[in-house]
Structures are given as structure tokens and as C-alpha cells.
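> Provided below are the primary sequence and the corresponding predicted coordinates.
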Amino acid sequence: MRKLFGGLVVAVLALSLATVAQAQRRTTTSAAMGGAKHEFGIDLGVAYVKPSNVSGGMSIQTPVDVRFGFVPRSGKMMWEPRLSLTFNTVGGNTSYLFTPQVNLLYANTPGGHRRGMYFTGGAGLQMGDLGAGSGTAVKLEGGIGWRKPYESAAWRYEVGFQWVSSSAKLGPFADYIAIGGRVGISLWH
């Protein structure tokens with residue numbers, strides 16, 4: 001299982017570096033923004049998390065996720081797969097939490113998917129092994145966000161909520177709601 005997740009992490013990093021390197025080349029503004037087919041981004045987040053039957057508290061997550069959007073040629077809807085991996089080895093015990101999900105973004109401004117406001121909603125699976133066995137939970141989320149262009153990239157701000165179903169094997173990483181926000185950067189390719 002470690003080899004599988006290790007290989008997955010290496011593949012994601014290799015794809016990320018190629019995209020980031022391509023985004024760093026100087027191009028004209030119209031070519032950089034107009035011909036993009038993909039959006040790549042990384043986010044940081046802060047949320048108030050309220051587990052079931054326990055007092056809630058603040059959670060700082062870094063990175064929240066790595067996202068890869070498919071920019072449409074026309075239209076206001078964009079599909080965006082997201083991945084998140086938490087891997088921890090402490091005192092000889094290894095635990096991981098892997099969350100693949102797909103979000104749909106709806107651009108609400110004339111700027112389309114390059115700038116301005118958008119609405120988002122998505123679903124995914126929260127899969128993990130905390131040492132006592134593996135488990136899976138369902139994750140649903142929704143929110144509202146904004147893109148603010150910065151040179152050939154854009155800052156991305158998002159606020160929203162998340163709900164994760166219960167799973168006995170995932171303990172504190174399941175059966176909760178979270179309300180918060182995330183800040184990230186988007187690059188286009």
C-alpha cells in the first residue's frame with residue numbers, strides 16, 4: 001500500500017512541476033489567458049470543524065488540496081478534480097488519509113474562469129487507515145469563490161462548508177461538518 005501511495009505522490013509531483021515550469025514562461029497576456037485548457041492550483045485552508053457528539057474547534061490545513069481543472073472553450077461550467085493526501089509516521093505507526101473528489105464550478109461573471117466570482121459544489125471519498133484498519137467516508141461540499149488575476153496566474157479565495165459521513169475506522173476524520181475558507185493560487189496551461 002505504501003508503494004502505491006508513494007508512486008501516486010511522485011506522479012502528482014512530476015505532473016505539477018511540468019505544469020508550473022510551463023506557466024513560468026513569459027507569453028503575451030492574450031495567449032496566456034485565452035488559450036488555456038487546464039487550471040492547476042494548490043490551496044491552504046482554515047475551518048471551524050464540528051465533529052458529531054464532540055465540541056468543535058479551528059483546523060488549519062496545509063495544503064487543503066491539489067486541483068486540476070478542465071477549462072471549457074465556452075460556457076460557464078468547469079469540472080475540477082481535486083486530491084488531498086495526509087500521510088503521517090510517528091513512533092513507528094503510519095497513518096494516511098486520501099481524499100479524491102470532483103467539483104463543478106459555475107462562473108458567475110463575464111470574466112469566465114479566469115477572474116471574478118464562481119459557485120462550486122462537489123463530492124468525493126475520504127479513504128484512510130489510522131492504524132486500526134481502513135475505512136471510507138463520503139464527502140460533500142459547496143461554496144462561493146473569487147479569482148483575482150495576478151500577472152499570468154490568479155489568486156483564488158473560497159468560502160464554504162463540508163460534510164463528511166460517519167466511518168468507525170476513520171474516527172475523528174469522519175462524521176463532521178466544517179465551515180471555513182481557503183486561499184490558493186491558480187496557474188493555466
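The structure has been received and is ready for your questions.
> got a list of contacts for stretch 181-189?
Identification of contacts with stretch 181-189 by C-beta atoms under 8 Å, 6 or more residues apart in numbering yields 19-20, 22-23, 32-33, 36-47, 64, 67, 69, 71, 114, 147, 150, 152-160. Quick note: C-beta positions are derived from backbone N, CA and C, even for glycine.
> helices and strands of this protein: which one bottoms out on pLDDT?
Taking mean pLDDT, DSSP states H and E as the measure, helix 29-34 is the helix or strand of the chain with the lowest mean score, a mean of 44.
> quick one: mean pLDDT over whichever helix or strand comes after it.
Remark: after helix 29-34, the chain's next helix or strand is strand 38-51, criterion DSSP states H and E. Across strand 38-51, the average pLDDT comes to 90.
> what's the answer for stretch 79-86, then?
Here the average pLDDT along stretch 79-86 is 91.
> kindly export that stretch (C-alpha atoms) in CSV.
C-alpha atoms of stretch 79-86 as CSV (Å, rounded to 0.1, in the frame of the first residue of the first chain):
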residue,chain,number,x,y,z
TRP,A,79,-15.0,20.3,-14.0
GLU,A,80,-12.3,20.2,-11.4
PRO,A,81,-10.8,17.0,-9.9
ARG,A,82,-9.1,17.6,-6.5
LEU,A,83,-6.8,15.4,-4.5
SER,A,84,-5.7,15.6,-0.9
LEU,A,85,-3.2,13.3,0.9
THR,A,86,-2.3,13.3,4.6
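> what comes up buried for stretch 155-162?
Arg156, Glu158, Gly160, Gln162 (16 or more other C-beta atoms under 10 Å).
> quickly run through the sheet partners of the lengthiest strand in the chain, with directions.
Using DSSP state E, we find that the single longest strand of the chain is strand 134-150. Using DSSP bridges, the strands paired with strand 134-150 are strand 116-129 (antiparallel), strand 153-164 (antiparallel).
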